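Novice: any chance you can model this:
(chains A and B)
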2 protein chains.
Amino acid sequence: MGLQFQLPKNVQLDSTKAHAALDVLLSQEGAGSEFTGWLEQPTNYDQDELTRILALSKQVQNHSDVLVCIGIGGSYLGTKAILDALLPTFAKGDTKVLFLGQTLSSSYTKQVLDYLRDKDFSVNVISKSGTTTEPAVAYRLVRKLMREKYSKEEIKKRTFITTDKEKGALKGLATEEGFETFVVPDEIGGRYSFLTAVGFFPLAVAGIDVHALIEGAKKGQELYQKKDSDAVQYAAMRNALYEEGKKIELFVCYEPNLIMIGEWFKQLFGESEGKGGKGIFPASVQFTTDLHSMGQMIQDGERTLFETVLWVNEPEFDIRVPKEEENTDDLAYLEGTSLHTINEKASTGVKRAHEEGGVPNAIITLDRIDAENIGQLLYFYMYSCGISAYMLGVNPFDQPGVEAYKKSMFQELGKPGYEG
Amino acid sequence: MGLQFQLPKNVQLDSTKAHAALDVLLSQEGAGSEFTGWLEQPTNYDQDELTRILALSKQVQNHSDVLVCIGIGGSYLGTKAILDALLPTFAKGDTKVLFLGQTLSSSYTKQVLDYLRDKDFSVNVISKSGTTTEPAVAYRLVRKLMREKYSKEEIKKRTFITTDKEKGALKGLATEEGFETFVVPDEIGGRYSFLTAVGFFPLAVAGIDVHALIEGAKKGQELYQKKDSDAVQYAAMRNALYEEGKKIELFVCYEPNLIMIGEWFKQLFGESEGKGGKGIFPASVQFTTDLHSMGQMIQDGERTLFETVLWVNEPEFDIRVPKEEENTDDLAYLEGTSLHTINEKASTGVKRAHEEGGVPNAIITLDRIDAENIGQLLYFYMYSCGISAYMLGVNPFDQPGVEAYKKSMFQELGKPGYEG
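Specialist: Below is the predicted model of the structure:
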């Protein structure tokens, strides 16, 4: 993994500020420090639990066509992003992970339930409190379906609860029914939780090499605590651009299977930094696809954007432009060139054009898309996000604004305690 | 379809300006007026061509498992958005439309080609010029595969070209090989083209009721030319908010199958308005999913956002929260309530919370998601976009900034004529 960027002449990195923020993060005594458990997670994860998770995931692979993964926010996005990145576009054979409880759409939910009706499936409910509305509703529906399909014994074999280690609605239920449980650690918030059971269990069921994911993050754990590391540089760069009026960061990828990494990125940075009237607005695009939709605005709209490109050096597959006898399509000059080379040259050309158009442009380079690289990448983003939020002067680990809509929503729904 | 909004007290609609912009659009004499053919398209489409398209689409349904639809930008997003909205989440049986030529990703492209190898497929290449890099490269690869699989006669039966009526690379090739062709009209730009053969053919193959789509747009054609129409109001609202410093519009949907409508929306407004250092930056979120990721920033980040919610009154499917004996999950108060009702009350609560947090909030209401409603919706957006761009003082129908990256990309690729 690497990071390259060149700032506009008028923009200066504030290294002192970046190093101070790094120190605060590492001290684990800054704002929200009770949620910095993810820092050591690559070397501090619960090995016994992971061993149990891997053994159980094999059982699920054997007896289920589908694992229904019920969760929302940080209990959904990391797993979805990693699966999209690492699974083939047209998956065959393996246990499919389907998501539920990440939406209140009745049409989507009903279609998933209908789809499950004649499948053998297991369920993984992921919720720290067990009372978050979306996953709680989804789990009621799935429980009902399971009771219609399976015996009590079968349900026990097919239910996996990821929740608080000792308290909460789901923990109580699991104890009562004898369901397997995994732990959402107290010291790790949802958007920083991909290296816990939250990610491990559904990823393992889908056949992802969880140990390689951890290895990648471990690499990051060694690297990013250094003052000149990419994580520190990226945070400093974002902060400098924001102070110069760049209000929107575009996450850019050139591979469609990285789009959901962009969604995960948006939660991580948006929820960590978007508070107190501050914060870079995170948006995402996929090139070259979206050059044909958002390219015009990026090149020529308000000059308040910068881009961070996620580039992959070695594609999983490559293919060359075939020869044609006639050159009606003007592509003769590309005959024999590999598609990945064309994509790469396109990215270089786009970078230059956008920089010339006033859009600063950083590149994060992955060697390839595999579990180790993705593990390092996500850990890189989390580390950098912690530093970046401290530079901005906000708590990277809380989300106080979320209460406002929840309160208002519960009033509408007539939830006891929220009347009037 | 309906539109509701309430502006903050300090923001005033400029009706005079909005009516003037409407007049310019209707006069078809404003900037870019040579590309306003889409205005009359609901009553002016080529009926003979559509008859031919419907007949040919039946043939494709009979002899192909897959239609590979090769196109990018406006030749891709409209079709993709409509298919996602109207097809079931887990499609069964019907001819599947797969997209290619909308990315340069070698991994994605190779996987699609491998997938096609043992399928019976047809191809629809959509490109006005026939020389746009992404679709041209994809078509070379698909042609090669077709030659390996099919006789010349079969290829002829399975190839459909949507391009300029008389000139360009694809037109020449189609004439030579005897392929069926459909027309991309001169007076309709890519992002305004869903009601032409660009959309009609792949949509018909997928089983979409194209006539209902046209009917919906036709309704809009009658409505939106009026001075107090929703299309005029929406444009005026956007303009007023932009002038008050709202720089980002969030397209919000509460149904996952409308996400790609958001992508189509982003091209339409981004490419039409993002020029000359101006334009609202279009972003998209899906609620309630993304309340658990972007909710914090929307509630509490920089106050430069407004939201436009696309709400659907009647879901295709609904389902009620089942009863449980014990109320461990705190959901007893929702037992028997339909999921759609919960989603609706959530949306009402969120709207209020966001407005209180300084995020103005408009709602576009669809009766239901069907071809007629989607046809009217997309036509509504196009109409309103034309007015909105004229209010902003830009040409809604050009994309001059796109040349910059293309030139730079072709230099990198060594395209003849772009050296040095």
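
Novice: for residue A:307, pull up the helix or strand it's in.
Specialist: In this structure, residue A:307 sits in strand A:305-314 according to DSSP states H and E.

Novice: one more: residue A:264?
Specialist: Under the criterion DSSP H and E, the helix or strand holding residue A:264 is helix A:259-273.

Novice: same question for residue A:58.
Specialist: Using DSSP H and E, the secondary-structure element containing residue A:58 is helix A:47-63.

Novice: what's near enough to touch the residue in the stretch 1-150 of chain A that chain B sits nearest to?
Specialist: Scanning the stretch 1-150 of chain A for the residue nearest chain B gives residue A:73, at 3.0 Å (criterion: Cβ to the nearest Cβ). In short, each C-beta sits where N, CA and C put it, glycine included. Taking Cβ atoms under 8 Å, 6 or more residues apart in numbering or on different chains as the contact definition, residue A:73 lies against A:190, A:191, A:267, B:292, B:293.

Novice: emit the PyMOL select command for whichever of these are buried.
Specialist: The following PyMOL selection, which keeps only the buried ones among the contacts of residue A:73, applies the criterion 16 or more other Cβ atoms under 10 Å in any protein chain shown:
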select buried, (chain A and resi 190+191+267) or (chain B and resi 292+293)
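
Novice: please narrow the contacts of residue A:73 to those residing in helices.
Specialist: Secondary structure from DSSP state H places residue A:267 of the contacts of residue A:73 in helices.

Novice: nearest residue to residue A:132 other than its sequence neighbours?
Specialist: With sequence-adjacent residues excluded and distances taken as Cβ to Cβ, 6 or more residues apart in numbering or on different chains, residue A:132 is closest to residue A:72, at 6.5 Å.

Novice: close enough to count as contact, the one you found and residue B:292?
Specialist: Yes. Taking Cβ atoms under 8 Å as the definition, residue A:72 is a contact partner of residue B:292 at 4.8 Å.

Novice: circling back: packing partners of the helix holding residue A:58?
Specialist: Helix A:47-63 is packed against strand A:180-183, helix A:197-205, helix A:210-223, with contacts defined by 3 or more Cβ pairs under 8 Å, 6 or more residues apart in numbering or on different chains; DSSP states H and E.

Novice: can you redo these as a markdown table, where the extra columns are distance to residue B:298, mean neighbour count and mean pLDDT?
Specialist: Compiled in a markdown table, the helices and strands packed on helix A:47-63 are given as follows (distance: least, Cβ to Cβ, whole Å; neighbours: other Cβ atoms under 10 Å in any protein chain shown; pLDDT from 0 to 100):
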| stretch | distance to residue B:298 | mean neighbour count | mean pLDDT |
| --- | --- | --- | --- |
| strand A:180-183 | 31 | 20 | 98 |
| helix A:197-205 | 24 | 27 | 98 |
| helix A:210-223 | 29 | 20 | 98 |
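
Novice: if we can go back for a sec, the helix holding residue A:264 vs strand A:305-314, what angle?
Specialist: 140 degrees (axes from the mean of the first three to the mean of the last three Cα atoms, to 10 degrees).

Novice: after helix A:259-273 comes which helix or strand?
Specialist: strand A:281-286.

Novice: how about the nearest residue to residue A:96, chain neighbours excluded?
Specialist: By the measure of Cβ to Cβ, 6+ apart, the closest residue to residue A:96 outside its immediate chain neighbours is residue A:66, 5.1 Å from it.

Novice: where's residue A:12 relative to residue A:18, distance?
Specialist: With distances taken as Cβ to Cβ, to the nearest Å, residue A:12 is found 12 Å from residue A:18.

Novice: how about residue A:139?
Specialist: Per Cβ to Cβ, residue A:139 is found 43 Å from residue A:18.

Novice: can you list the residues of the stretch 101-250 of chain A near chain B?
Specialist: The stretch 101-250 of chain A comes close to chain B at residues A:102-113, A:115, A:130-131, A:133-134, A:136-137, A:139-141, A:143-144, A:169-170, A:172-173, A:190-191, A:247-248, as judged by Cβ under 8 Å from any Cβ of the partner chain.

Novice: one step back: what's the burial count for the residue nearest to residue A:132?
Specialist: When counting by other Cβ atoms under 10 Å in any protein chain shown, one arrives at 27 neighbours for residue A:72.

Novice: quick one: contacts for it?
Specialist: When contacts are counted by Cβ under 8 Å, 6+ apart, residue A:72 is found next to A:101, A:102, A:132, A:134, A:135, B:288, B:289, B:292.

Novice: nearest to residue A:25, of the residues you listed?
Specialist: For these, the minimum distance to residue A:25 (Cβ to Cβ) is 24.0 Å, reached by residue B:292.

Novice: I'd assumed residue A:266 was in contact with the closest one.
Specialist: No. The pair residue B:292 / residue A:266 is not scored as a contact, 11.3 Å apart, by Cβ under 8 Å.

Novice: what touches both of those two?
Specialist: Common contacts of residue B:292 and residue A:266, defined by Cβ under 8 Å, 6+ apart, are absent altogether.

Novice: thinking again about what came up before, the more surrounded of residue A:139 and residue A:18?
Specialist: Neighbours were counted for residue A:139 and for residue A:18 using other Cβ under 10 Å; residue A:139 has more, 29 against 25.

Novice: which ones are touching the closest residue to the more buried one other than its chain neighbours?
Specialist: Distances taken as Cβ to Cβ, 6+ apart put residue A:125 closest to residue A:139, at 5.0 Å, once the chain neighbours are dropped. Contact partners of residue A:125, counting by Cβ under 8 Å, 6+ apart, are A:70, A:71, A:101, A:135, A:139, A:159, A:160, A:161, A:162, A:163, A:170.

Novice: ok so the fourth one is a helix residue?
Specialist: Yes. Using DSSP: H, G, I helix; E, B strand; the rest coil, the assignment for residue A:135 is a helix.

Novice: could you measure from residue A:123 over to residue A:205?
Specialist: In this structure, residue A:123 and residue A:205 are 11 Å apart, going by Cβ to Cβ.

Novice: between the two, which contacts overlap?
Specialist: Between them, residue A:123 and residue A:205 have residue A:67 as joint contacts when contacts are counted by Cβ under 8 Å, 6+ apart.

Novice: which helices and strands does whatever helix or strand residue A:232 lives in pack with?
Specialist: Counting by DSSP H and E, the element that carries residue A:232 is helix A:230-243. For helix A:230-243, the packing partners by 3+ Cβ pairs under 8 Å, 6+ apart come out as strand A:2-5, helix A:15-27, helix A:210-223, strand A:361-368, helix A:371-392.
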